Every structure is written in structure tokens, then in C-alpha cells.
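Pasting a predicted model and its sequence here:
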Amino acid sequence: KTVEVTWNLHNSIRIKAFILNSHNELLLGISGGGCQLPGGHLEKGESYKETLLREIKEETGIELNLQYNPKPFYEVAYRNRELCSRVLYFFIHTDLSPDLNNTNYTRAELENNFTLRYIPLNDFENYVNTNKFETQIPINKVIDDEILEAFKHLPL
């Protein structure tokens, strides 16, 4: 499913991952008071799978070895005339634990105290909604709304 939203962003593709473990917990990043899913921008020449694996390793330290080509289950497109930004959501199930000694955070992630937290699946919506209402940063509210909408389509 694709949701169209008008926004002023550069042409880009971002990859985000819902990572679920066998304890029915989703891995969530917290940065600058906002919720984030592990992920980032597709780099030139990369496949979705390569971006997904690279970004998960950089932000969680988890080194996945996917034997399949993952497909996005949800997409959001932000458009403004000729500019377009797409966010593709993927679903990964793994019991590999984050390894903070194996991460490679960006300067912004370090400055915003990026941390990881497992949230029980049945508390996930409430957790993100609570964050949405507590944050004073407008972009955090937009990201929370986007995460919540993608969550509704999670292929469980």
C-alpha cells in the first residue's frame, strides 16, 4: 500500500525495518525524543537488501544473513512537484541481539543520544502514541504517525 503525502524533501529512498524477536518484541530506536525504526537511505548502486543489511548493522550491530530477497510490505511517498522521497518498510524476524560495539552511528544519532529499546508487540502502538503526544518536535510527530500507519500493515 502506498500513501501519498505532499512534503518538501530531496529525491531519495529510505529503508526502515520492523525487527521482531521470538518474545514478540519490536526493536525501536529512540533519538532526540523521537521514535525511529532501524534504517536509512539507499545509497547509489545498492539494492534494497544491501541497504537493509547495512543500515541494520550500522544502527543495531546486528549482522543479518538473509537467504532471501526481502520485499517491502508498506510504502510512503512524499512528493512536491519534481521532488520525491519514498520510505519502504520491511519486516524482519530475528533473535540476534543488538551489539552496540558493532554499530556505526552518524553524528546526528550520537548528538541525539540514539538508543535501542525492545517494545512488546502488544504495547507498541501505545508506546509510539504516547511519544507522539509528549514530543514537542513536529517532525517526530510525523515520523510517529508514519510508523503507526505502517504498523497497521505489519504482516504478522
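Looks like it came in fine. Residues are numbered from 1 along each chain as shown.

ranges for the strands of the chain?
2-6, 12-20, 25-31, 34-36, 39-41, 74-80, 83-93, 115-120 (DSSP state E).

Make a markdown table out of those and add mean neighbour count and mean pLDDT.
In this view, the C-beta of every residue, glycine as well, is placed from N, C-alpha and C. Formatted as a markdown table, these follow (neighbours: other CB atoms under 10 Å; pLDDT from 0 to 100):
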| stretch | mean neighbour count | mean pLDDT |
| --- | --- | --- |
| strand 2-6 | 11 | 49 |
| strand 12-20 | 22 | 95 |
| strand 25-31 | 20 | 96 |
| strand 34-36 | 22 | 94 |
| strand 39-41 | 18 | 94 |
| strand 74-80 | 17 | 87 |
| strand 83-93 | 19 | 92 |
| strand 115-120 | 15 | 97 |
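
Redo the ones you listed as a markdown table? Include distance to residue 68.
What follows is the strands of the chain, written out as a markdown table (distance: least, CB to CB, whole Å):
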| stretch | distance to residue 68 |
| --- | --- |
| strand 2-6 | 23 |
| strand 12-20 | 14 |
| strand 25-31 | 20 |
| strand 34-36 | 25 |
| strand 39-41 | 18 |
| strand 74-80 | 18 |
| strand 83-93 | 11 |
| strand 115-120 | 24 |
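
List just the one of the ones you listed that sits closest to residue 147.
strand 34-36 (6.0 Å; CB to CB).

Show me what the closest one pairs with in its sheet, parallel or antiparallel.
strand 25-31 (antiparallel) (DSSP bridges).

now the angle between strand 115-120 and the partner strand, please.
150 degrees (axes from the mean of the first three to the mean of the last three CA atoms, to 10 degrees).

Just give me how far strand 25-31 sits from the chain centre.
The chain centre lies 9 Å from the centre of strand 25-31; the measure is CA atoms, centre = their mean, to the nearest Å.

Just give me the neighbour total for residue 141.
Burial of residue 141 is recorded as 15 neighbouring residues (other CB atoms under 10 Å).

For residue 55, find the nearest of the strands of the chain.
Judging those by CB to CB, what sits closest to residue 55 is strand 39-41, at 4.2 Å.

Does anything pack onto the closest one? Which helices or strands?
strand 12-20, helix 48-60 (3 or more CB pairs under 8 Å, 6 or more residues apart in numbering; DSSP states H and E).
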